[in-house]
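Asks: Turn this into a model:
(one chain, ligands or ions: 1)
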Amino acid sequence: VAMAHLVAGLARCWCPSPLQVINFPVVQLHMSLMAMRASQKDFENAMNQVKLLKKDPGNEVKLKLYALYKQATEGPCNTPKPGVFDLISKAKWDTWSALGSLPKETARQNYVDLVSSLSSSSKSSGQVEPGADRKPPGYETLVVTSEDGITKIMLNRPTKKNAMNRQMYHEIMLALEAASKDDSRITVITGNGDYYSSGNDLTNFTDMASGKVEELAKNSAILLRNFVGCFIDFPKPLVAVVNGPAVGISVTTLGLFDAVYSTDRATFHTPFSHLGQSPEGCSSYTFPRIMSPSKATEMLIFGKKLTAREACAQGLVTEVFPDSTFQKEVWTRLKAYAKLPPNAMRISKEVIRNKEKEKLHAINAEECSVLQERWLSDECMNAVMNFLSRKAKL
Ligand SMILES: CCCCCCCCCCCCC/C=C/C(=O)SCCNC(=O)CCNC(=O)[C@H](O)C(C)(C)COP(=O)(O)OP(=O)(O)OC[C@H]1O[C@@H](n2cnc3c(N)ncnc32)[C@H](O)[C@@H]1OP(=O)(O)O
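Replies: As a prediction, the model looks like this:
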């Protein structure tokens with residue numbers, strides 16, 4: 001079982017960039033997540049297992065395996081960026097550099113997990129041990145279970161309101177990848193505890209202490225683009241079970257789900273202007289389309305927080321349930337849906353989503369490049385420092 005150690009750093013001034021000095025005592029939290037340390041032996045076994053896979057996992061997974069292997073053996077991407085026409089090397093370089101400063105041990109663990117999920121899904125049906133689908137790889141920030149034809153990805157940092165740190169972004173991508181290939185018919189994302197998710201973990205900004213702010217912003221933009229890309233491309237019905245308040249990226253990505261069921265005590269908040277940032281998750285396109293340009297403006301620019309019923313009235317939420325019966329009603333319904341023919345559901349989603357998949361990827365790329373600049377702005381720095389110094393809450 002993975003272990004996590006929270007190491008509080010010492011209070012010190014944090015000067016994020018030479019251009020700007022903020023004399024600001026900041027308690028700098030270093031969360032060094034001691035992911036379960038896959039041993040060197042596990043890593044070598046996983047490398048051998050890759051060669052024994054019965055079915056080609058596809059280019060995207062092979063790129064991920066390449067990047068995780070390089071990160072685990074060499075650390076952060078340390079080679080010059082290939083030329084624009086060297087497409088394969090550039091794709092490999094992009095995927096590796098997107099891992100940023102992911103620790104070697106974590107990359108090694110993620111590699112082992114990915115291979116184990118590939119090998120269990122590539123086994124012929126006759127060979128899968130009973131209940132094997134209920135033995136998901138060890139995730140640090142998620143609990144992933146698969147039964148009744150439904151793979152449930154539960155965000156599991158309840159003491160931090162399920163804020164998404166870098167590890168969670170990577171693990172959600174891995175879990176979606178595994179879910180796209182397992183024998184489930186529907187995939188659900190939900191939260192553990194009283195929050196669905198409070199969005200981006202703002203301590204992600206404290207990595208800037210390492211000094212390479214521009215590089216961190218670039219790698220973060222690649223990470224975000226890959227993360228949102230997984231939602232755009234996910235092939236099965238993807239349902240959000242919003243168990244409580246949702247903030248930021250956990251709200252914007254709802255526009256890429258196929259259905260959103262919410263408890264009536266949830267709220268939906270996208271405080272991007274407050275944070276000196278800008279919309280992501282393709283919400284700059286999906287929200288105006290879902291709820292009208294002016295309603296999208298109220299959320300994305302003015303930061304208006306919606307109740308569940310308002311979000312439902314505006315089309316972001318499919319249906320709202322009383323909190324007392326929410327889980328029972330929603331899971332009864334989802335188990336019934338999961339009995340439907342899987343290929344028909346997958347193909348129908350393809351017919352619906354393919355019309356704008358390319359457009360969504362283009363919008364995602366544009367949003368990430370704008371955010372890359374926003375993250376380096378004074379407005380963003382000050383807003384994040386205010387939160388981290390506990391001066392302001394949303
Ligand atoms: C140089 C470039 C760097 C870029 C870095 C980028 C990262 C990677 C790329 C991905 C980027 C995606 C873009 C996404 C954008 C967004 O999601 S914007 C929204 C971000 N979220 C917030 O601003 C919410 C901040 N949290 C709050 O306002 C409040 O916590 C709350 C959610 C309103 C809940 O308040 P309350 O009920 O009073 O509980 P708290 O005591 O505040 O929280 C309990 C503990 O949880 C911690 N926590 C909660 N939310 C976050 C968070 N988002 N980030 C970090 N920590 C969070 C909170 O600090 C408490 O912790 P302790 O004090 O240790 O108990």
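Asks: The closest residue to the ligand within the stretch 151-300 of the chain: what's its closest spatial neighbour, skipping adjacent residues?
Replies: Going by Cβ to the nearest ligand atom, the ligand is nearest to residue 248 of the stretch 151-300 of the chain, at 2.1 Å. (Glycine included, C-beta is placed from N, CA and C.) Once flanking residues are discounted, residue 248 sits nearest to residue 199: 2.5 Å by Cβ to Cβ, 6 or more residues apart in numbering.
Asks: Assess the claim that that neighbour and residue 165 are in contact.
Replies: No. Assessed by Cβ atoms under 8 Å, residue 199 is found out of contact with residue 165, at 11.2 Å.
Asks: Those two: who's more crowded?
Replies: Per other Cβ atoms under 10 Å, whichever of residue 199 and residue 165 has more neighbours is residue 199, with 26 against 19.
Asks: Any residues of this protein in contact with the ligand? List them.
Replies: Contacts of the chain with the ligand, taken as Cβ under 6 Å from any ligand atom, map to 160-161, 163, 198-205, 208, 213, 216-217, 220, 223-224, 247-249, 271, 275, 280, 375, 387, 393-394.
Asks: Show me those that map onto strands.
Replies: residue 247 (DSSP state E).
Asks: Pull out the buried members of the residues of the chain next to the ligand.
Replies: Buried by 16 or more other Cβ atoms under 10 Å: 160-161, 163, 198-205, 208, 213, 216-217, 220, 223-224, 247-249, 271, 275, 280, 375, 387, out of these.
Asks: which residues in the stretch 1-150 of the chain form helices?
Replies: Taking DSSP state H, counting those that start in this stretch as the test, the helices found in the stretch 1-150 of the chain are 40-52, 59-74, 87-97, 104-122.
Asks: Name the helix or strand for the residue nearest the centre of the chain, please.
Replies: Nearest to the mean C-alpha position of the chain, by Cα atoms, centre = their mean, lies residue 169 at 3.5 Å. For residue 169, the element it lies in under DSSP states H and E is helix 166-181.
Asks: Direction-wise, compare that helix with helix 104-122 and give the angle.
Replies: 10 degrees (axes from the mean of the first three to the mean of the last three Cα atoms, to 10 degrees).
Asks: what angle do helix 166-181 and helix 59-74 make?
Replies: 140 degrees.
Asks: Pairing partners for the helix or strand following helix 166-181, with directions?
Replies: Downstream of helix 166-181, the next assigned helix or strand under DSSP H and E is strand 186-191. In the sheet, strand 186-191 lines up against strand 150-155 (parallel), strand 238-242 (parallel) (DSSP bridges).
Asks: How many residues are close by residue 279?
Replies: Neighbourhood size, residue 279 [other Cβ under 10 Å]: 24.
Asks: what's the spacing between the nearest residue to it once chain neighbours are set aside and residue 370?
Replies: Nearest non-adjacent residue to residue 279, counting by Cβ to Cβ, 6+ apart: residue 300, 4.7 Å away. Relative to residue 370, residue 300 is positioned 12 Å away (Cβ to Cβ, to the nearest Å).
Asks: More neighbours: which of the two?
Replies: Using other Cβ under 10 Å, the more surrounded residue of residue 300 and residue 370 is residue 300, with 22 against 16.
Asks: Thought residue 269 was touching that one, still the case?
Replies: No. With contact defined as Cβ under 8 Å, residue 300 does not count as touching residue 269 (10.9 Å).
Asks: residues contacting residue 248?
Replies: Applying Cβ atoms under 8 Å, 6 or more residues apart in numbering, we find residue 248 in contact with 197, 198, 199, 200, 269, 270, 271, 272.
Asks: So what's the residue count around the fifth one?
Replies: Which is residue 269. When neighbours are defined as other Cβ under 10 Å, residue 269 has 19 of them.
Asks: Was I right to think it contacts residue 250?
Replies: No. In this structure, residue 269 is not within contact of residue 250 by Cβ under 8 Å, at 9.7 Å.
Asks: quick one, what contacts residue 195?
Replies: Counting by Cβ under 8 Å, 6+ apart, residue 195 touches 158, 161, 162, 243, 244, 245, 246.
Asks: let me fix that: residue 221
Replies: 368, 369, 371, 372.
Asks: what does residue 185 give?
Replies: Neighbouring residues of residue 185 by Cβ under 8 Å, 6+ apart: 149, 150, 236, 237, 338, 340, 342, 345.
Asks: let's go with 6 Å and repeat that
Replies: Residue 185 makes contact with 149, 338, 342 under the criterion Cβ atoms under 6 Å, 6 or more residues apart in numbering.
Asks: on that earlier part again, now the contacts of residue 195 as CSV including pLDDT?
Replies: Below are the contacts of residue 195 laid out as CSV (pLDDT from 0 to 100):
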residue, pLDDT
158, 97
161, 98
162, 98
243, 98
244, 98
245, 98
246, 98
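Asks: For the residues you listed, which entry has the maximal number of neighbours?
Replies: Result: residue 246 is most packed of these (other Cβ under 10 Å), 33 neighbours.
Asks: now that residue, nearest residue through space, not along the chain?
Replies: Using Cβ to Cβ, 6+ apart, the nearest residue to residue 246 is residue 196, at 4.2 Å.
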